[in-house]
Structure formats: C-alpha cells, structure tokens
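In: With the input below, show me the fold.
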Amino acid sequence: MLGGVGFGEGAALTASTPSIAPLRSVAAPGQDAVVGLWAQGEDKPSGHAAQYAAIIRSLQGGEAAPVSITDAYATMELAAAIYASSVSGTTVARGQIDEASPFFTRMDGHLEPWKQEEALNA
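Out: Purely as a prediction, here's the structure:
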C-alpha cells in the first residue's frame with residue numbers, strides 16, 4: 001500500500017491516484033556533502049549502451065578508458081559475489097570469486113539453477 005492506495009493485481013495509477021513524493025538522496029552518516037554534489041550532477045544516460053559508447057569514444061580519441069581494468073574487475077567481482085551469495089545463501093567475501101569459483105566466468109556459475117546451491121555448498 002502506498003499513500004493509502006493498494007497496488008495489487010490489476011491496479012493502475014490514474015490522475016486521481018494520490019501523488020507520490022519524489023525520491024531523494026540520503027547520504028551515509030558524516031557524508032552530507034555528497035548529496036549536494038549528487039544534485040549538481042548532469043543527468044546523463046547510464047546502462048550498458050552508455051558504458052559501451054564511452055569506451056568507443058575513448059578508443060576513437062586515443063584516450064584512456066573512463067574506467068580502469070582494475071576498477072572494472074573489482075565491480076565484476078562484487079556482482080559475481082552477490083550472485084554466488086544469493087544462490088548459496090552464504091556470505092561471499094572479497095577474493096572468494098577466483099578461477100576456482102563457478103561464478104568467475106559466468107554470473108550463473110555455469111550451473112543449472114536447481115543445482116547451483118548444491119554445487120556451492122559441496
């Protein structure tokens with residue numbers, strides 16, 4: 001239920017639906033300045049297409065990529081750890097997604113979904 005209106009099966013937002021407050025940024029404790037910086041930022045497209053476009057522009061311009069391989073690797077390791085943790089129901093620590101992990105090269109761990117938990121907990 002949102003704003004006193006239930007959004008169950010078949011429900012729809014209409015002009016008479018109560019307005020929903022816009023999302024707002026909330027900083028971590030002690031990081032209040034970040035919210036102001038975020039609000040000043042340009043509204044830029046994101047997602048895979050925008051990321052590929054930035055890489056292509058840097059290659060065509062002979063410039064360094066906007067993100068280093070080291071940073072990209074850390075991001076992919078985090079994403080793989082999230083998938084591995086969700087499948088296994090256990091905590092996956094930094095460094096556990098290595099070449100021995102089924103999640104090192106694919107987010108599905110190269111496993112059939114119903115066999116993933118069994119393999120990770122073996």
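In: The helix ranked longest in the chain packs against which elements?
Out: As assigned by DSSP state H, the longest helix anywhere in the chain is helix 69-88. On a contact count with 3 or more C-beta pairs under 8 Å, 6 or more residues apart in numbering; DSSP states H and E, helix 69-88 meets helix 113-120. (Each C-beta comes from the backbone N, C-alpha and C, glycine too.)
In: where does the chain dip in pLDDT?
Out: 1-25, 38, 41-44, 112-122 (pLDDT under 70).
In: Helices of the chain, start to end?
Out: According to DSSP H, the helices that the chain contains are 32-40, 48-60, 69-88, 113-120.
In: How about the longest helix of the chain, which residues are buried there?
Out: Glu77, Ala80, Ala81, Tyr83, Ala84, Ser85, Val87, Ser88 (16 or more other C-beta atoms under 10 Å).
In: OK, contacts around Tyr83?
Out: Phe103, Met107, Asp108, Gly109 (C-beta atoms under 8 Å, 6 or more residues apart in numbering).
In: mind checking how far the residue lying closest to Ser101 once chain neighbours are set aside is from Pro29?
Out: Spatial nearest neighbour of Ser101, chain neighbours left out: Ala84 (6.8 Å); criterion: C-beta to C-beta, 6 or more residues apart in numbering. Distance, Ala84 to Pro29, using C-beta to C-beta, to the nearest Å: 29 Å.
In: wait, isn't Ala65 in contact with Arg57?
Out: No. Counting by C-beta atoms under 8 Å, Ala65 does not reach Arg57; the two are 9.8 Å apart.
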